[in-house]
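>>> here is my input, please return the structure:
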Amino acid sequence: MKRKPLSRQLDLNLLDLFDTIYKTRNLTMAGNVLGLSQPAMSHALARLREMYGDPLFVRLPQGLRPTPFAEQLAGPVSVALQIVRGTLDKAPFDPASAQHTFRIAMTDIGEQVFLPLLLRHLEQHAPGIRIETRPTSINPAALVNDLSTGDIDIALGFISRPGKGIFQKFLFRDRYVCVVRGDHPLVGETLSLEDFRNLRHIVPNVAGTGHGDLIGTALANHGIRDSVMLRVTHFLSIAHLVANTDMVAMVPRNLANTFAASWKLRQLQSPLDLPLFDVTQYWHERYHQEPSNRWLRELIEAIFTDFPHKNTPPGPETASPAIAAPKKKPRRGEA
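Numbers count the residues shown, from 1 in each chain. Purely as a prediction, here's the structure:
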């Protein structure tokens, strides 16, 4: 036997009215609380009585008094309304007291350059927060899947083709520079295109990023493809390799700054006219309004506000072209 849908048997507004009358024991006062006129209250109470087949409230010299059935109904109705109201209130995320683990997909550049800034903030303001880094996936569909299931909370970096359903927020723009060892015998204070062609090259070919394609294309366009002697899958290996050979590599400027201090590498302007690249954070639309994910995104954005060599962002938070972002009020830091 089929049951009638609950919406046909029960009107939530009438339950709210019942709860208010039960608490005030006065029809006029209950109407003021609910913003209803006296006629509207009388009509609604008649519907409520019909729905339950009981008078529910009887007028006595002392005022309205609930019937025995209404007394039995009052507790469950009050609890039910509290539960329903609770679904409308999102629990806030309190980083100071939270015990939570975030998983962030990033390259070893992120681990070297950005992660220390994030951990310094967490140590001071969110001691219960833990971070796990994950590699960026070479397969865009796999990254989208990991973000959609929550296996990864946020992806961070210069990532190729973010994919459908992915929101993105620009963080900063960087450029490529050349690095060579400090006492390189063939490189002076500047690096000419001819000298650059004569050197042997290391190219970063890091999974899931656009660095390898961008640098490789630039080298090929200038006839330097045959001089690429080594392609590596991790940026951090480049410092040791360059420091101990006469090879040259093009790397992001912020990473080159850390190499100069630790490995005594020289940083030179590239003779190739390479485009700038954007470092961006990505997350899935499923978690767009999730409080902890939103807190982490806003924290990352705030950290990059004062990040070295940061350029002006090109625009606001956006979804990938395959899906439109839902309308929302701008937040701090968004255009």
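
>>> where in the stretch 101-250 of the chain is pLDDT low?
Along the stretch 101-250 of the chain, segments meeting pLDDT under 70 span 138, 161-162.

>>> for it, what spans make up the helices?
Here the stretch 101-250 of the chain has its helices, by DSSP state H, counting those that start in this stretch, at 108-109, 115-125, 140-149, 193-198, 211-221, 236-243.

>>> deepest-packed of the ones you listed, please.
helix 108-109 (a mean of 22; mean count of other Cβ atoms under 10 Å). Using the backbone N, CA and C atoms, a C-beta is placed for each residue, glycine as well.

>>> tell me which other helices or strands that helix touches.
Of the remaining helices and strands, none touches helix 108-109 by 3 or more Cβ pairs under 8 Å, 6 or more residues apart in numbering; DSSP states H and E.

>>> please repeat the previous calculation with a cut-off of 10 Å.
Helices and strands touching helix 108-109, by 3 or more Cβ pairs under 10 Å, 6 or more residues apart in numbering; DSSP states H and E, are helix 236-243, helix 253-263.

>>> out of these, flag the one nearest G75.
helix 253-263 (61.5 Å; Cβ to Cβ).

>>> ok, back up a step: and the helices of the stretch 101-250 of the chain: which comes nearest N293?
helix 140-149 (10.0 Å).

>>> ok, residues contacting the closest one?
With Cβ atoms under 10 Å, 6 or more residues apart in numbering as the test, helix 140-149 has contacts from 103, 105, 134, 136-137, 139, 151-155, 159-167, 208, 282-287, 320, 322.

>>> any quick ChimeraX command for the buried ones out of the residues you listed?
Here is the ChimeraX selection string for the buried members of those, based on 16 or more other Cβ atoms under 10 Å:
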select :103,105,136,137,152,153,154,155,159,160,162,163,165,166,167,208,282,283,284,285,287,320
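
>>> and K23, that one's in a helix?
Yes - counting by DSSP: H, G, I helix; E, B strand; the rest coil, K23 is located in a helix.

>>> isn't it up against L34?
No - applying Cβ atoms under 10 Å as the test, K23 and L34 come out as separate, 11.5 Å apart.

>>> neighbour count winner among these two?
Set K23 next to L34 and count neighbours by other Cβ atoms under 10 Å: L34 wins out with 17 against 13.
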